[in-house]
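K.L.:
have a look at this fold, sequence not included:
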DNA sequence: CCTTGTTAGTTACAAAAACAACTATTACAT
DNA sequence: ATGTAATAGTTGTTTTTGTAACTAACAAGG
């Protein structure tokens, strides 16, 4: 039996963060999976386009910190299912502009509603004040620019 | 351009949690990967045994909320590399008791040191008080949702 | 122009995860 | 006992991811 001195796996931040992250995405994951057959990478792309409008794969990758191969595959599948349309840039023919189709916007709107409700449920679970502190702290850990 | 009303992906808790979790495990992951060729599932098993002593695969799975096939393969690989030893239970021959070998304990001790340092670095980054609140909040979020 | 380097995105192949079906053993109700 | 269900853990198959190599287009120096 080893010495447990001052260390507990359940308190180790990376572990705890992973557990919480996994738990917290479970319910929402079911929605986009069952309803639209989407993967996590796919809804992330969808949400980026829905929220920010026309973007390139590279821009999404940078924002979501996802590798370009993940984006490439997500975009491919979303285009295949007519959730988004791809347009080559006229000036630089390497880059491709991505826009949601009507169907994509519809899916986004629906998923955004559910996401908002789900986020509210999580906030209710942990308390409004704690939630604000949580977001702020997570932003630091994720090294995202602070809100404001 | 869609209406962004009151929703931001960067503020969506499941998204934010995932980003922070991913970021925070990155550095530590390199250590057990480069140094011992371990996967996340494997160090989790190692840490459970190092911290709590003899356990069965089922117990670890329950504690870490990992699926039994993941555990089974992690245990297999750890046993193969002589980090742990497996012993069949005499009374119930379905269950197997897992113990770290000397080599396993050595790896655990080393990784635990690094984990503690890394945790301390994260705490320093976000502040001691925020860290305590964070852990508390994450513990709530990581709880299994009530049965329905 | 031509080499060399860079960037956007894709594709091929290997590693890992998810999911389902399986073996072996124990429990338990007829 | 004996048939049925439950439990511990494994194995096989399919998806998904990670890594690296690749194509195509641009950029910039000579």
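P.N.:
Nice, thanks for sending it over. Keep in mind the model is a prediction, meaning the values are calculated, not measured.
K.L.:
helix or strand for the residue nearest the centre of chain A, which one?
P.N.:
Nearest residue to the geometric centre of chain A (Cα atoms, centre = their mean): residue A:44, 4.1 Å. In this structure, residue A:44 sits in helix A:40-52 according to DSSP states H and E.
K.L.:
that helix and DNA strand D, any residue contact?
P.N.:
Yes: contact between helix A:40-52 and DNA strand D, assessed by Cβ under 7 Å from any atom of the strand, occurs at A:40, A:41. C-beta here means a position set from N, CA and C on the backbone, and glycine is covered the same way.
K.L.:
repeat that for stretch A:92-111.
P.N.:
Yes: Stretch A:92-111 comes into contact with DNA strand D (Cβ under 7 Å from any atom of the strand), by way of A:92, A:93, A:94.
K.L.:
quick one, phi psi at the first one?
P.N.:
In this entry, residue A:92 is assigned phi and psi values of phi -120, psi 100 (degrees, to the nearest 10).
K.L.:
residues touching it, list them.
P.N.:
Neighbouring residues of residue A:92 by Cβ atoms under 8 Å, 6 or more residues apart in numbering or on different chains: there are none.
K.L.:
how far away is it from residue A:32?
P.N.:
Per Cβ to Cβ, to the nearest Å, residue A:92 is found 32 Å from residue A:32.
K.L.:
returning to what we had before: could I get the average pLDDT for the next helix or strand after the helix holding residue A:44?
P.N.:
Downstream of helix A:40-52, the next assigned helix or strand under DSSP H and E is strand A:55-56. Average pLDDT, strand A:55-56: 98.
K.L.:
likewise stretch A:70-78?
P.N.:
Averaging pLDDT along stretch A:70-78 gives 98.
K.L.:
ditto for stretch A:121-128
P.N.:
On average, the pLDDT along stretch A:121-128 is 96.
K.L.:
what of stretch A:83-92?
P.N.:
pLDDT averaged over stretch A:83-92 gives 97.
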